[in-house]
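Participant: Predicted coordinates and the sequence they were generated for:
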Amino acid sequence: MSAQRNCKLVGIWVRLMQRDGKPFYMKHMPRTFSYLEVALQHEALAPLRDWCIKAGIL
């Protein structure tokens, strides 16, 4: 659930910056990515982790 939540937050921060012109939310991105990396350590999420790496997210 943590991986899902943090993926959602990454999208929200980008939307707020690009569409809504609120770049100050991007200050949360490093912490969100660190939480996502920890969540993706779980073996069951290996396919998602691999996809994130290929997509350049991690």
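Facilitator: Structure received.
Participant: Ala46: neighbouring residues, count only.
Facilitator: Ala46 sits with 11 neighbouring residues when counted by other Cβ atoms under 10 Å. All C-beta spots, glycine's among them, are computed from the backbone N, C-alpha and C.
Participant: swap in Leu36?
Facilitator: Leu36 has 22 neighbours, counted by other Cβ under 10 Å.
Participant: per-residue confidence for it?
Facilitator: On the pLDDT scale, Leu36 is placed at 95.
Participant: Name the surrounding residues that touch the strand or helix carrying it.
Facilitator: According to DSSP states H and E, Leu36 maps onto helix 29-39. Applying Cβ atoms under 8 Å, 6 or more residues apart in numbering, the contact partners of helix 29-39 are Ser2, Ala3, Asn6, Cys7, Leu9, Val10, Trp13, Leu45, Cys52, Ile57, Leu58.
Participant: SS state for Gln4?
Facilitator: Three-state call for Gln4 (DSSP: H, G, I helix; E, B strand; the rest coil): helix.
Participant: any idea how far it is from Glu37?
Facilitator: As judged by Cβ to Cβ, to the nearest Å, Gln4 and Glu37 stand 14 Å apart.
Participant: Settle it for me: which of these two has more neighbours?
Facilitator: Glu37 (15 against 12).
Participant: from what I can see Trp13 touches Met26, true?
Facilitator: Yes. The pair Trp13 / Met26 is scored as a contact, 5.8 Å apart, by Cβ atoms under 8 Å.
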